[in-house]
Structures are given as structure tokens and as C-alpha cells.
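Novice: could you look at this predicted model? Sequence included:
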Amino acid sequence: MSLQQELEEVILTVPDFPKKGVSFKDINPLFKNPVVMKKVIQEMAIYAKEVKAQHIVGIESRGFFFGIPLALELNIPFVAARKKGKLPGDVISQEYLLEYGTDCIEIQKNSILINEKYLIVDDVIATGGTAKATAEIIKKGGAEVCGFSFLIELLFLNGKNLILPSSSNIQSLLKYS
Ligand code: AMP
């Protein structure tokens, strides 16, 4: 069985959660299945090596579930991209649009090293707004986005097109059309 097929079996789709019309991808069963979870991290590690990542950026909060084990597997630093007001010290911020209103994501300035390569990791790419904002922060800090790695891509929302100008390197392990 391919990893895609294994993930299809493990990940659950919950209709109308957290609100009507959203098909929520519940990844919690994956964390109860260490065999498949290890394969996920190994696939992400192969890709991270291909794009020569020197740092892993995990997006709050489900990006942390993948970003930290990935960084440990590769023996490279992990950087947290967090919601506004959670990180102390100097931060670089980027606002982005939600369906209603805006949100803001931040990274500590001293975590972004000039000209180094950063791989951005999250559980799901939907519209791509969160990943794009994270990429903008890395670029504002003078570093390079060498790629994006997602467990799940919701193809019908075209998030890839939004983040493409940041990096043409995108990995997604399970695609829903
Ligand atoms: P977006 O900025 O639209 O690409 O949304 C990405 C963020 O929203 C990710 O951090 C996901 O955790 C979450 N997300 C969006 N859509 C879903 C979904 N259908 N199921 C689970 N999480 C989602």
C-alpha cells in the first residue's frame, strides 16, 4: 500500500466542523499510528534534504506536530511561527486575510539568519494564506524559502497558486480534489 493510501485510511474527514460547509481533516488518528507517522516524517525528510533545508519552520499549531520531529530527524534547528503576541523579544510580523477579517503571524527576528534556507511545514494547505504570510516573514528577515511541506493539500482551494511566487518547491503527501 502506498503512503497516500495509508494516509487516506488513517485521516478522517469530519463534515461541517468547526462550522457548516467545512470538511475538516482530523489528523489525530495519525498520532496514534507511529508506523505511518514515522513514514510521514521520513518522506518529509527526503524532500527537506532535496531542497537543502537548513531550518524548519512550523506554523502554529498543527505545523509543530510535524516540524519538530522533522527537524530532529534532520538534526537542524526548528523555528516556531506563532500567532500575534505569543513570542517575546523582537519579532517580524505579517498580517493575512481570513474569510472574515485578518490574522497575524510572527517569528522571532533572531531565528531568521540572512541567506539561509527555510522549509515551511504545516498540516494542511487550504487557501495558502497562512503559509504565504509565513514565507513573507522569512523573506523580510533576509532569508530564503527553499520549499513548503504539507501533510494534506486541498487542491480545490488552489493554495499552491498563492504560495508559488514564494517558492516553486512544494510537497504534499495526501491530496484531496
Ligand atoms: P489556509 O491559510 O487557508 O491555507 O489554512 C491553513 C490552516 O488552516 C492550516 O494551519 C490548517 O491547520 C487549517 N485548515 C484549513 N482548512 C482545514 C481543513 N479542512 N481541515 C483541517 N484544517 C484546516
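Specialist: The structure has been received and is ready for your questions.
Novice: ok, L72 to G58 distance?
Specialist: Distance of L72 to G58, given as CB to CB, to the nearest Å: 12 Å. In this view, the C-beta of every residue, glycine as well, is placed from N, C-alpha and C.
Novice: common neighbours of those two, please.
Specialist: When contacts are counted by CB atoms under 8 Å, 6 or more residues apart in numbering, L72 and G58 have F78 as shared neighbours.
Novice: the two: which is more packed in?
Specialist: It is G58, of L72 and G58, that has more neighbours when counted by other CB atoms under 10 Å, with 26 against 13.
Novice: the more buried one belongs to a helix?
Specialist: No - counting by DSSP: H, G, I helix; E, B strand; the rest coil, G58 falls outside a helix, being strand.
Novice: contact partners for it?
Specialist: G58 is in contact with F64, F65, F66, G67, I68, F78, V79, A80, A81, V121, D122, counting by CB under 8 Å, 6+ apart.
Novice: which among these are in contact with the ligand?
Specialist: Among the contacts of G58, the residues that sit close to the ligand (CB under 6 Å from any ligand atom) are D122.
Novice: and the contacts of G58, which two are the farthest apart?
Specialist: Based on CB to CB, the longest span within the contacts of G58 runs between F65 and V79 and measures 15.1 Å.
Novice: which residues sit against the top helix by length along the chain?
Specialist: In the chain, ranked by residue count with DSSP state H as the criterion, the top helix is helix 34-50. Residues outside helix 34-50 that contact it (CB under 8 Å, 6+ apart): 3, 6-7, 10, 30-31, 56, 66, 69-70, 73-74, 119, 121, 147, 149, 151, 171, 173.
Novice: buried residues, it. List them.
Specialist: Neighbour-count burial for helix 34-50 flags V36, M37, V40, I41, E43, M44, A45, Y47, A48 (criterion: 16 or more other CB atoms under 10 Å).
Novice: and stretch 59-74, by the same measure?
Specialist: Within stretch 59-74, the residues that qualify as buried are 59-60, 62-71, 74, counting by 16+ other CB under 10 Å.
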